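[1] pasting a predicted model and its sequence here:
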Amino acid sequence: MSAFLRPSRSRSHFKHKLHIPGCFVQQLSRERRGAPGPPHAPVSASLWRRLVVVQAKMAAQAAAAAQAAAAQAAQAEAAESWYLALLGFAEHFRTSSPPKIRLCVHCLQAVFPFKPPQRIEARTHLQLGSVLYHHTKNSEQARSHLEKAWLISQQIPQFEDVKFEAASLLSELYCQENSVDAAKPLLRKAIQISQQTPYWHCRLLFQLAQLHTLEKDLVSACDLLGVGAEYARVVGSEYTRALFLLSKGMLLLMERKLQEVHPLLTLCGQIVENWQGNPIQKESLRVFFLVLQVTHYLDAGQVKSVKPCLKQLQQCIQTISTLHDDEILPSNPADLFHWLPKEHMCVLVYLVTVMHSMQAGYLEKAQKYTDKALMQLEKLKMLDCSPILSSFQVILLEHIIMCRLVTGHKATALQEISQVCQLCQQSPRLFSNHAAQLHTLLGLYCVSVNCMDNAEAQFTTALRLTNHQELWAFIVTNLASVYIREGNRHQEVLYSLLERINPDHSFPVSSHCLRAAAFYVRGLFSFFQGRYNEAKRFLRETLKMSNAEDLNRLTACSLVLLGHIFYVLGNHRESNNMVVPAMQLASKIPDMSVQLWSSALLRGSRLPTAGPEIPGRATCKGAQSTFTALQPSYLPLWASLFIHPKDIRLRDLAVGRPE
C-alpha cells in the first residue's frame with residue numbers, strides 16, 4: 001500500500017482517500033486562479049506537465065484501489081449471503097419432522113465448490129461429520145469429514161470450538177469402530193493443546209478417562225481424573241473439581257481400594273456442602289455423592305447401615321424434581337458440565353432403592369419401584385437414545401427376574417430373561433458387561449424348575465465370564481447349593497468350592513451379605529452330611545450376621561433349616577419355635593419356597609426322599625433357591641454411571657448439534 005493511502009474502516013469495508021503533498025496543492029491552486037508563483041519557485045511548463053502526470057497516476061491508483069475494495073466487499077457480501085442461505089436450508093432440513101438428512105447433507109456439501117475460506121471450510125466439514133455420525137450409518141464419510149475438520153482447524157488460530165469438537169467427535173467415532181488405538185493419541189494431543197481453554201480441557205480429560213474405564217484400565221482413568229481435579233482447582237472451578245473427584249471415587253470403589261475411597265469421599269462431601277452455585281447443579285452433586293455412599297454400603301452387604309444415606313438420597317431427588325429447569329450459564333467456562341439429566345437421576349434412585357429392597361428381602365417394595373422405574377424408562381427412551389437408559393433397564397430387569405423366581409412366577413421370569421437377551425443383542429458393549437449376569441439368571445431359573453445339570457452348566461459359564469469378585473462369590477454359593485443337592489456326584493469340586501468361600505478363613509470379598517450366605521452354605525452342607533452340631537454352629541452365625549443387617553431372606557432360610565435340624569433330632573417344640581417365625585417372615589417377603597418348606601415341617605409331614613443315605617435332603621428342596629436375591633450385580637451399575645458430564649453450553653455450530 002502506498003505511503004499516501006491511509007486505511008479508514010467503515011461499518012464493513014475499507015474505503016481509500018487520495019492524499020497529495022502540500023507544496024503541490026499550493027502550486028496547483030495558484031495556477032487555477034491565474035496568480036503568479038512565488039519568486040523563489042518559478043514553475044516551468046515541463047514541471048507543470050510532470051505535476052499533471054503525477055496527479056493523473058495517483059488518481060488512477062486511487063480509482064483502481066477503490067474499485068478493488070468495492071469488488072472485494074461485494075464478493076464478501078455475496079459469499080456471506082450464499083453461505084448463510086445454504087446453512088439455513090441445511091438446518092431447516094435437519095429439524096424437519098421427520099428430518100431430511102440427505103437434503104441437509106446436500107446443502108452442506110454445496111459449500112465446497114465456492115472455495116470458501118479455511119474457517120468456513122473447517123466448520124462445514126465438522127457439521128457434515130456431525131450430521132453423518134449422529135443421523136446415518138455412513139461412518140466412513142463421517143470419519144473423513146471429521147478428520148479434515150481436525151486437520152484444517154489446527155492451522156487456524158483462535159478456532160478452539162471447531163478444533164476440539166472435531167477431536168471429541170472423531171475419537172467417539174474411532175471408539176465406535178473399535179479403533180481405540182487411534183482415539184487415544186488423538187485425545188492426548190487435544191488435551192495437550194487445550195490447556196488454555198478450561199471447558200475443552202476438562203471435557204477431553206473426562207472423555208479419555210471414560211475410554212480407559214471402558215477398557216478396564218482403571219489406574220490410567222484414575223490418574224486422568226486426578227489431573228482433571230487439580231486443573232479444575234487451579235482454574236477456580238470447585239464444582240468441576242467435585243465431579244472429577246466423585247468420578248475417581250467411583251473407580252476406586254470398582255477397584256476395591258477402600259483405604260483411598262474413604263478420605264476421598266470425605267473431601268467430596270466437604271466440597272459439595274461448601275459449594276454455592278446453581279441449585280440444580282448443587283443437588284446433582286449431592287445425588288452423585290449419595291449414590292456412591294449407598295452403593296458402597298450395598299456392595300458391602302450392609303443393608304441396615306445404608307438406610308440413613310438412602311433416605312437422604314430419596315429426599316434429595318425429591319428436591320431436584322421441584323426445581324425449575326431454567327438453564328443459567330455459569331460464568332466460569334470450566335463449570336459448563338453436569339453429571340446426569342434430572343430424569344435419569346430419578347431412574348437411578350429408583351434403581352438403588354430396588355437393590356436395597358432385594359438385599360433386605362422386601363420383594364413387594366422392590367417390584368413396586370421396579371415397575372415405576374421401567375415405566376419412566378419407557379417414556380424417556382421415546383425421546384432419548386442414551387446408552388445409559390438401556391443399562392438401567394437391564395439392571396432393573398435382572399432384579400425383577402430374581403424377584404419373580406423367589407415369589408414363584410417362573411414363566412414371567414423366563415419372559416423377562418428373554419427381554420434382557422434382546423436388549424443385550426442391540427449393544428455389544430451391553431452384552432459384554434451383562435453376559436455373566438445373564439447366564440447366572442438362567443442358572444437360577446434352571447434351579448427353580450429342578451434342571452440341575454443345566455443350572456450347573458449356566459453357573460460354570462458365568463464363572464468363566466466374570467472377574468468381578470462379588471458376582472463370582474454369588475455364583476459360587478449358588479453352584480455349591482446345586483452340588484450339595486446332587487449328593488456325591490461332585491464331591492471333589494464341591495469341597496474345592498467350599499474351601500474357596502470359607503468364611504472362617506479367607507473369604508474373597510468383604511460383603512457382609514455374601515459372607516453370611518457362605519456360612520449358610522456351610523451349614524446346609526453339614527446338615528446333608530448329618531453333622532448337625534456343626535450345621536447349627538454355622539446357621540447360628542448366619543442368623544447373627546443377617547439379624548445385624550436386616551437380611552430377611554437369609555434369616556428366614558436359616559430359621560427354617562435350624563427348625564428342620566431340630567425336627568430330624570426329634571425336638572419338635574424347638575423345631576416349631578424356629579419354623580413359625582420363619583414362615584411369618586417368608587410370608588412378608590414373600591418367599592414361596594421357604595413358605596412351602598415351613599408348612600411341610602409344621603404339618604409334621606415329610607416330602608418324598610430323593611436319597612435314603614442323607615436324611616432330610618428332599619425336605620430341604622426349598623433351599624435350592626435360597627440365594628436367588630441375596631446380592632445384586634454391581635459391575636454393570638458402575639460401568640453405566642461413569643459417563644462424561646454432558647455439555648450444557650449453548651454453542652452455535654450453525655447446523656446445530658443433536659442432543
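    Perfect, thanks for sending it. Numbering: from 1, shown residues only.
[2] which residues in the chain form strands?
    With DSSP state E, the ranges of strands along the chain come out as 8-9, 14-15, 337-338, 646-647.
[3] worst average pLDDT in those strands?
    Note on those: lowest mean pLDDT is at strand 14-15, with a mean of 32.
[4] gap between stretch 218-234 and the chain center?
    Centre-to-centre, stretch 218-234 and its host chain are 17 Å apart (CA atoms, centre = their mean, to the nearest Å).
[5] next, the buried residues of it.
    Leu218, Ala221, Cys222, Leu224, Leu225, Gly226, Val227, Gly228, Ala229, Tyr231, Ala232 (16 or more other CB atoms under 10 Å). In short, each C-beta sits where N, CA and C put it, glycine included.
[6] which of the residues you listed fall in helices?
    Members of those lying in helices (criterion: DSSP state H): Leu218, Ala221, Cys222, Leu224, Leu225, Gly226, Val227, Gly228, Ala229, Tyr231, Ala232.
[7] switch these over to a markdown table; also include distance to Ala90.
    Formatted as a markdown table, these follow (distance: CB to CB, whole Å):
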| residue | distance to Ala90 |
| --- | --- |
| Leu218 | 42 |
| Ala221 | 38 |
| Cys222 | 42 |
| Leu224 | 36 |
| Leu225 | 38 |
| Gly226 | 42 |
| Val227 | 38 |
| Gly228 | 35 |
| Ala229 | 40 |
| Tyr231 | 36 |
| Ala232 | 36 |
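[8] just for this structure, where's the confidence low?
    Scanning the chain for pLDDT under 70 picks out 1-79, 325-328, 605-659.
[9] tell me the domain ranges of it?
    The chain breaks down into these domains under automatic domain parsing: 1-34+49-115, 360-641.
[10] and those domains: which comes nearest Ala334?
    Among the domains of the chain, domain 360-641 comes nearest to Ala334, with 21.9 Å by CB to CB.
[11] centre of the chain to that closest one, how far?
    Per CA atoms, centre = their mean, the centroid offset for domain 360-641 relative to its chain is 29 Å.
[12] quick one: the helices in the stretch 201-350 of the chain, in order.
    218-234, 238-254, 258-274, 279-299, 307-322, 342-360 (DSSP state H, counting those that start in this stretch).
[13] related to what we said a few turns ago, can you lay out the domains of the chain as a markdown table showing mean neighbour count?
    Listed next are the domains of the chain as a markdown table, based on neighbours: other CB atoms under 10 Å:
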| stretch | mean neighbour count |
| --- | --- |
| domain 1-34+49-115 | 13 |
| domain 360-641 | 19 |
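[14] next, format those domains as TSV and append distance to Ile156.
    Output for those, formatted as TSV (distance: least, CB to CB, whole Å):
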stretch	distance to Ile156
domain 1-34+49-115	16
domain 360-641	33
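[15] which one of the ones you listed lies closest to His201?
    With CB to CB as the measure, domain 360-641 is the member of the domains of the chain nearest His201 (23.0 Å).
[16] residue contacts, Ala535?
    The contact partners of Ala535, by CB atoms under 8 Å, 6 or more residues apart in numbering, come to Gly523, Leu524, Ser526, Phe527, Leu561, Ile565.
[17] my bad, Val294
    Val306, Cys309, Leu310, Leu313, Val352, His356.
[18] and the gap between the second one and His356?
    Put plainly, it is Cys309. Cys309 is 10 Å from His356, where distance means CB to CB, to the nearest Å.
[19] ok, His201 next?
    Distance from His201 to His356, counting by CB to CB: 38 Å.
[20] which parts of stretch 276-286 are buried?
    Going by 16+ other CB under 10 Å, stretch 276-286 has these buried residues: Gly277, Asn278, Ile280, Gln281, Lys282, Glu283, Ser284, Leu285, Arg286.
[21] put the alpha carbons of stretch 388-403 into PDB.
    Below are the C-alpha coordinates for stretch 388-403, written out as PDB (Å, rounded to 0.1, in the frame of the first residue of the first chain):
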ATOM      1  CA  ILE A 388     -27.200 -45.500  29.900                       C
ATOM      2  CA  LEU A 389     -31.000 -45.900  29.800                       C
ATOM      3  CA  SER A 390     -30.600 -49.400  28.300                       C
ATOM      4  CA  SER A 391     -28.100 -50.200  31.000                       C
ATOM      5  CA  PHE A 392     -30.600 -49.100  33.700                       C
ATOM      6  CA  GLN A 393     -33.300 -51.100  32.100                       C
ATOM      7  CA  VAL A 394     -31.200 -54.300  32.000                       C
ATOM      8  CA  ILE A 395     -30.200 -54.000  35.700                       C
ATOM      9  CA  LEU A 396     -33.800 -53.400  36.700                       C
ATOM     10  CA  LEU A 397     -34.900 -56.400  34.800                       C
ATOM     11  CA  GLU A 398     -32.200 -58.500  36.400                       C
ATOM     12  CA  HIS A 399     -33.600 -57.700  39.800                       C
ATOM     13  CA  ILE A 400     -37.200 -58.200  38.900                       C
ATOM     14  CA  ILE A 401     -36.300 -61.600  37.400                       C
ATOM     15  CA  MET A 402     -34.800 -62.600  40.700                       C
ATOM     16  CA  CYS A 403     -38.000 -61.300  42.300                       C
END
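[22] can you give me the neighbour number for Pro116?
    When neighbours are defined as other CB atoms under 10 Å, Pro116 has 16 of them.
[23] the one 3 residues further on too?
    Other residues near Arg119 come to 14 when the count uses other CB under 10 Å.
[24] what's the answer for the one 5 residues further on, then?
    Counted with other CB under 10 Å, residues neighbouring Thr124 total 27.
[25] got the contact list for the residue nearest to it when sequence neighbours are not counted?
    Nearest residue to Thr124 in three dimensions, chain neighbours excluded: Val111, at 4.7 Å (CB to CB, 6 or more residues apart in numbering). Contacts of Val111 were listed using CB under 8 Å, 6+ apart, and they are Tyr83, Leu86, Ile120, Glu121, Thr124.
[26] please apply the same query to Ala582.
    Residues near Ala582 by CB under 8 Å, 6+ apart: Thr555, Ala556, Cys557, Leu559, Val560, Gly563, Val594, Ser598.
[27] the first one contacts Leu585, correct?
    Yes: with contact defined as CB atoms under 8 Å, Thr555 counts as touching Leu585 (6.2 Å).
[28] what is in contact with those two at once?
    Gly361.
[29] chain neighbours aside, what residue packs nearest to Ser237?
    Ala334 (3.7 Å).
[30] Provide a list of residues in contact with that neighbour.
    Under the criterion of CB under 8 Å, 6+ apart, the contact list for Ala334 reads Pro198, Tyr199, Cys202, Ala232, Val235, Gly236, Ser237, Thr240.
[31] quick check: the farthest pair among those?
    Farthest pair in the contacts of Ala334, by CB to CB: Tyr199 and Gly236, 13.2 Å.
[32] so for these two, which sits in the more crowded spot?
    Tyr199 (23 against 12).
[33] ok, and the closest non-adjacent residue to that one?
    Leaving aside its sequence neighbours, Tyr199 sits nearest to Pro333 (CB to CB, 6+ apart; 4.2 Å).
[34] pull the number of nearby residues for the one you found.
    17.
[35] any idea how far Leu243 is from it?
    To Leu243, Pro333 is 14 Å away according to CB to CB.
[36] so what's the residue nearest to Ala582 when sequence neighbours are not counted up against?
    Leaving aside its sequence neighbours, Ala582 sits nearest to Leu559 (CB to CB, 6+ apart; 3.6 Å). Contact partners of Leu559, counting by CB under 8 Å, 6+ apart, are Leu543, Met578, Val579, Pro581, Ala582, Leu585.
[37] equivalent analysis for Thr555, please.
    So Thr555 contacts Gly361, Leu543, Ser546, Asn547, Ala582, Leu585 (CB under 8 Å, 6+ apart).
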